[in-house]
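Coordinates for the following, if possible.
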Amino acid sequence: MIRTAAILALLAATASAAPALRVQEPEMEVETRSFAIPETRTAKELFARADEHFAAERWAEAVAALQELSERHPGELLGRTFEVDGLRSQMPVHVGAAEAARRRLLELPDAARAAYRERYGPVASAALEAARSTLDRAALVEVARRWPLTPAAVEAWWTLGDLELELGNALGAASTWRRAEELRALLDEPTTPGTDRRVDLAGALLDGGDGDLADLARQGRGASLRSPVASAAGSPPSPEGHSWRVEIDVDGQAPFNGQRRSPDQFNMFPVLAGDTLLVSTSLRLLAVDAYAGVLRWVSDEPPGWDAVDAGEGKSLASGKDDTELIRRDFFSGLDRDTLLVAPAAGSGVAVAALQIPVTHLSNREFQNIRITTVIPDRRLFAYDLETGAPLWDHMPPTLWDGESGTFPQRMRVAGPPVVVGSRVLVPAYRMRGRIDYHVACYDLPTGELLWSRAVISGQRELNMFGRHQWEFAAPPLLVEGDRVVALTGLGAVAALDLYTGDLLWETLYEQIALPQVRQFEAHRRKRNWRNAPPVAVDGVVVATPVDSEDMIA
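Numbering: from 1, shown residues only. Predicted coordinates for the structure are as follows:
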């Protein structure tokens, strides 16, 4: 019988309306868990020190501690609590250090706010002008995040909204304009030319008002895919339309062809973008006319698969292991029970997580006992939605050593991408004994990394040799308003700020224990739920973690 566990934490209130929170000491003995979250003693002690200064009205000292917390610890969490905003949680909630610091700063009295502006205003204004001169959206967000009590922070949100509108992201513009107006009101800053018009447009867009711009935004709203089974803008043919069939495995090389082990295994989810149906085989992306069933374009496979087919497939550790790898070897570690394969689309760009022919280890056996397994490795690839022309990708360089390179080149993609306005969000991970789970946000037109955040480091099933036998398959992220909700499948649900990437809260849930290793092989953890993204209804997130017996809310 499924138990319903708990209020995890609270969502949905705007930043300005969030009251102060209280971090409690644990009410029970510390449990031994198979994961670690980014919680440090330094951040907790710094916040406690700031609280003491705050209570004693030592404003300068309180501001210094809170500013340090915001600048140096944006990806860290405070100690666990069971009460947030007056609501009691059955599960421990860990609030983001930067979020807690920002709330405290907004509670400062007028005199302390004036001192803050005098101290940080000039440097914030200089940073704002530099960001405006280069139209750097990430730099504008950093101004607003780093110096929240300055007029420059207000102007940074206004400017960011203007840039989002120029990119065709009307809802993103409305969201940032609303942040600007709420912060302006809190700081009692004067209005500037164009402010009232922006506020009116934001209200029309976010609150369902009328107007040409609101209509345009509602038409494009669906282009932000919320789950692998959701459709983008547009609708499928009517019931009177004729049916059609298109061969998906265009070259007989896809990893999902042939017989399934079970009729219940479904891994591929098509998505609709306007009148184009997008399907990913995890090696290629296909675009099909949704009405006529005509194949519009098919992407190439990621670089390197032709070399594998030519007999040149090797692991990155080929110096120690000279085993030749053929194509099917790269699919040995597919997690067919939980893997979700789905593309995403928005603003004329189609994005898919495709498998690359890269592996750290080969498939090694001893007397029919599997020791190591090739774990699938995926990266993001983007194409023009209309023509299929490649736009950008995160393919590692030739002769990659498996460790160097940029964040997008190093990190595996754990689940389907989600396109929201001008951003692409995806769960990413590194697998080195433990699984380091991150959330990454990229610029949709260019693929440039806007921010990344480490969320949790956890463990999955291992064989007797301490090796993984299956890939780590995470559900897609949920984007609700300006919050990104990550169901990690490693013992926690987390919420992050869409624009800054700051951790807002992370709530733990009770996991099903990892099974003991028997007869050398890794054994599956018991599963009550299928792998699926969380959903949000009326400010409540509901999730079904594959590593828990509980439905949590």
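
beta partners of the residue nearest to Y383 when sequence neighbours are not counted?
Leaving aside its chain neighbours, Y383 sits nearest to A350 (4.9 Å; criterion: C-beta to C-beta, 6 or more residues apart in numbering). In short, each C-beta sits where N, CA and C put it, glycine included. Note on A350: beta-bridge partners by DSSP bridges are A345, Y383.

Would you quantify the distance from A350 to Q516?
44 Å (C-beta to C-beta, to the nearest Å).

Please apply the same query to R467.
From R467 to Q516 the distance is 16 Å (C-beta to C-beta).

More neighbours: the two, which one.
Shown here are R467 and Q516; by other C-beta atoms under 10 Å, R467 has more neighbours (16 against 6).

got the contact list for the more buried one?
R467 is in contact with L361, I371, T372, T373, A522, counting by C-beta atoms under 8 Å, 6 or more residues apart in numbering.

What pLDDT does the model give it?
Note on R467: pLDDT of 77.

what's the spacing between the residue of the chain most remote from its centre and V141?
Largest separation from the mean C-alpha position in the chain: Q367, at 41.5 Å (C-alpha atoms, centre = their mean). Using C-beta to C-beta, one obtains 56 Å as the distance from Q367 to V141.

Same question for P302.
If you go by C-beta to C-beta, the gap between P302 and V141 works out to 31 Å.

next one: S280
Distance from S280 to V141, by C-beta to C-beta: 30 Å.

Around the residue nearest to A180 when sequence neighbours are not counted, how many other residues sit close by?
Among residues not flanking A180 along the chain, W157 sits closest, at 3.5 Å (C-beta to C-beta, 6+ apart). The number of residues packed near W157 is 24, by other C-beta under 10 Å.

Now do the contacts for W157.
L140, A144, T176, W177, R179, A180, L183.

returning to that earlier point: neighbour count for P302 and V141, which is higher?
For P302 versus V141, neighbours defined as other C-beta under 10 Å are more numerous around V141 (22 against 19).

Doesn't the more buried one lie inside a strand?
No. Counting by DSSP: H, G, I helix; E, B strand; the rest coil, V141 falls outside a strand, being helix.

That one reaches A156, doesn't it?
Yes. Contact criterion C-beta atoms under 8 Å: V141 and A156 qualify, at 7.3 Å.

Next, give phi and psi for G415.
phi -160, psi 180 (degrees, to the nearest 10).

what's near enough to touch it?
Contacts of G415 by C-beta under 8 Å, 6+ apart are L340, A353, V426, P427, A473, A474, P475, P476, L477.

how about the CA coordinates for stretch 163-174, as PDB?
Output of stretch 163-174 as PDB, limited to C-alpha atoms (Å, rounded to 0.1, in the frame of the first residue of the first chain):
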ATOM      1  CA  LEU A 163      16.400  41.300 -23.800                       C
ATOM      2  CA  GLU A 164      14.100  38.400 -23.200                       C
ATOM      3  CA  LEU A 165      11.400  40.100 -25.200                       C
ATOM      4  CA  GLU A 166      13.800  40.900 -28.000                       C
ATOM      5  CA  LEU A 167      14.600  37.100 -28.100                       C
ATOM      6  CA  GLY A 168      10.800  36.400 -28.500                       C
ATOM      7  CA  ASN A 169      10.500  35.100 -24.900                       C
ATOM      8  CA  ALA A 170       7.400  37.200 -23.900                       C
ATOM      9  CA  LEU A 171       6.700  35.100 -20.800                       C
ATOM     10  CA  GLY A 172      10.300  35.300 -19.600                       C
ATOM     11  CA  ALA A 173      10.200  39.100 -20.100                       C
ATOM     12  CA  ALA A 174       7.000  39.300 -18.000                       C
END
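
Would you mind giving the contacts of W157 as TSV with distance to H94 and secondary structure added?
Listed next are those as TSV, based on distance: C-beta to C-beta, whole Å; DSSP: H, G, I helix; E, B strand; the rest coil:
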residue	distance to H94	secondary structure
L140	29	helix
A144	24	helix
T176	27	helix
W177	31	helix
R179	24	helix
A180	29	helix
L183	26	helix
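
Pull out the buried members of those residues.
L140, A144, T176, W177, R179, A180, L183 (16 or more other C-beta atoms under 10 Å).

Mind picking out the helix or strand in this structure with the poorest mean pLDDT?
For the chain, counting by mean pLDDT, DSSP states H and E, helix 212-221 ranks last in confidence among helices and strands (a mean of 48).

Check which helices and strands whatever helix or strand comes next after that helix sits against.
Counting by DSSP states H and E, the next helix or strand C-terminal to helix 212-221 is strand 271-273. Helices and strands touching strand 271-273, by 3 or more C-beta pairs under 8 Å, 6 or more residues apart in numbering; DSSP states H and E, are strand 276-280, strand 344-346.

Give the other helices and strands that the shortest one contacts.
Judged by 3+ C-beta pairs under 8 Å, 6+ apart, the packing partners of strand 344-346 are strand 271-273, strand 349-356, strand 418-420.

Looking at the last one now, give me its mean pLDDT.
Strand 418-420 comes out with an average pLDDT of 94.

Name the strands paired with that strand and say parallel or antiparallel.
Assessed with DSSP bridges, strand 418-420 is paired to strand 423-432 (antiparallel).

quick one, the partner strand and strand 349-356 angle?
In terms of direction (axes from the mean of the first three to the mean of the last three C-alpha atoms, to 10 degrees), strand 423-432 departs from strand 349-356 by 10 degrees.

So what touches the helix or strand just after strand 423-432?
For strand 423-432, the following helix or strand on the C-terminal side (DSSP H and E) is strand 434-443. Contacting residues not belonging to strand 434-443 are listed as 137, 380, 407-408, 411, 414, 422-430, 448-460, 472, 474, 477, 484, 486, 488, 490, 494, 496, 498, 501 [C-beta under 8 Å, 6+ apart].
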